[in-house]
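> Here is the input, now give the coordinates:
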Amino acid sequence: MQPDLVQQFHALSPAQLAALSAREYAELEAIVERAVADYQRNRLYRLFPDHGPLRRDLYPKHLDFFAAGAHHTERAFIAGNRIGKTFAGCYELTCHLIGWYPHWWQGRRFHRPVTAWAAGEDTKAVRESLQETLLGRQGALGTGLIPGDMIDNATARGGVPEAVDAVSVRTAAGMSRLVLKTYDQGRESFQASAVDVVLFDEEPPMAIYTEGLTRTLSTVPGERSGIVMCTFTPLKGLSGVVLSFMPGGERIEGAL
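Numbering: from 1, shown residues only. Next up is the predicted model:
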């Protein structure tokens, strides 16, 4: 679906376009380009709509995953390929980063800026999956799930072209921070930080998962711990991480 203004532009007949002066055509073209850019940089707010062919009630497992965050600090979306696991994790992560939640949201909410990690196998994998989903394709920063106008600063990661290391995200309450990490950095790189939200895309080694979970534990009496989300296909079989969500290697009734 395109913005109404773009549709109107395409609806102009060749005769109408030919009747425009060079200045009028340039002005119209600039308006359309701005409308398209704004549309691309705010896609988050159009997702999981009430009605239409992509209405959210067609995605019950995604909604269950979101809602479970209200009561669980650890969650895993373990399923087959190409069903939107990474997208679901990035959608929730974005909501926490910008402090915005849709009217139907039943999951965990943060009422302050957060510090978050999004981690995957290696830098190239993170660049082509998590980074692209959250920030947009290479050369189009701000066209991912995080609204472009809320991205304050993105720092590059050395060694891999177009790879991002960290992002500052503006919210009404202050500045959130997102760090993109990789499992091949080792367990030590996941130490010594306090984090509100961790997203592991693809199954992490148990040592890294444990460190991520530790980083989210609250040290303030009465304050809730943060959350850890995993989104992966269990290609490693009944690993320690998988078994931590499926005790005994058996499917739990009602598991996501």
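> Let me see the mean pLDDT of stretch 173-182.
Averaging pLDDT along stretch 173-182 gives 96.
> Enumerate the positions of it that are buried.
For stretch 173-182, a neighbour-count test (16 or more other Cβ atoms under 10 Å) marks 176-182 as buried. Yep, even glycine has a C-beta here, placed from its N, CA and C like the rest.
> repeat for stretch 207-227
Going by 16+ other Cβ under 10 Å, stretch 207-227 has these buried residues: 208-213, 215-216, 226-227.
> Serialize those to JSON lines and add fields for distance to Gly148.
What follows is the buried residues of stretch 207-227, written out as JSON lines (distance: Cβ to Cβ, whole Å):
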{"residue": "Ile208", "distance to Gly148": "31"}
{"residue": "Tyr209", "distance to Gly148": "32"}
{"residue": "Thr210", "distance to Gly148": "35"}
{"residue": "Glu211", "distance to Gly148": "32"}
{"residue": "Gly212", "distance to Gly148": "28"}
{"residue": "Leu213", "distance to Gly148": "32"}
{"residue": "Arg215", "distance to Gly148": "28"}
{"residue": "Thr216", "distance to Gly148": "28"}
{"residue": "Gly226", "distance to Gly148": "26"}
{"residue": "Ile227", "distance to Gly148": "25"}
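> Which ones among those residues map onto helices?
Within those, residues falling in helices by DSSP state H are 208-213, 215.
> what's the closest of those to Ala118?
Of all those, Gly212 has the smallest distance to Ala118: 10.8 Å, by Cβ to Cβ.
> check contacts around the residue nearest to the closest one when sequence neighbours are not counted.
Leaving aside its chain neighbours, Gly212 sits nearest to Val198 (4.3 Å; criterion: Cβ to Cβ, 6 or more residues apart in numbering). By Cβ atoms under 8 Å, 6 or more residues apart in numbering, Val198 lies in contact with 116-117, 119, 212-213, 215-216, 226-229.
> if you set the cut-off to 7 Å instead, what comes out?
117, 212, 215-216, 228 (Cβ atoms under 7 Å, 6 or more residues apart in numbering).
> tell me which of those is nearest to Thr123?
Closest to Thr123, out of all of the contacts of Val198 and judged by Cβ to Cβ, is Trp117, at 14.4 Å.
> Let's verify the closest one: helix, strand, or coil?
strand (DSSP: H, G, I helix; E, B strand; the rest coil).
> Quick check: it touching Arg177?
No. Counting by Cβ atoms under 7 Å, Trp117 does not reach Arg177; the two are 9.6 Å apart.
> which intervals of the stretch 151-256 of the chain have sub-threshold pLDDT?
Within the stretch 151-256 of the chain, the segments meeting pLDDT under 70 span 247-256.
> those helices in the protein, which residues are they?
Going by DSSP H, the chain shows helices at 4-11, 14-19, 22-40, 60-68, 85-98, 123-126, 132-135, 206-215, 240-245.
> Could you export the fifth one as PDB, CA atoms only?
Output in PDB follows, covering the C-alpha atoms of helix 85-98 (Å, rounded to 0.1, in the frame of the first residue of the first chain):
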ATOM      1  CA  LYS A  85      10.200 -15.300  14.700                       C
ATOM      2  CA  THR A  86      12.900 -12.700  14.300                       C
ATOM      3  CA  PHE A  87      10.300 -10.100  13.200                       C
ATOM      4  CA  ALA A  88       8.200 -10.700  16.400                       C
ATOM      5  CA  GLY A  89      11.200 -10.300  18.600                       C
ATOM      6  CA  CYS A  90      12.300  -7.200  16.900                       C
ATOM      7  CA  TYR A  91       8.800  -5.700  17.000                       C
ATOM      8  CA  GLU A  92       8.600  -6.100  20.800                       C
ATOM      9  CA  LEU A  93      12.200  -4.900  21.200                       C
ATOM     10  CA  THR A  94      11.300  -1.800  19.200                       C
ATOM     11  CA  CYS A  95       8.200  -1.100  21.400                       C
ATOM     12  CA  HIS A  96      10.400  -1.200  24.500                       C
ATOM     13  CA  LEU A  97      13.100   1.000  23.000                       C
ATOM     14  CA  ILE A  98      10.800   3.800  21.900                       C
END
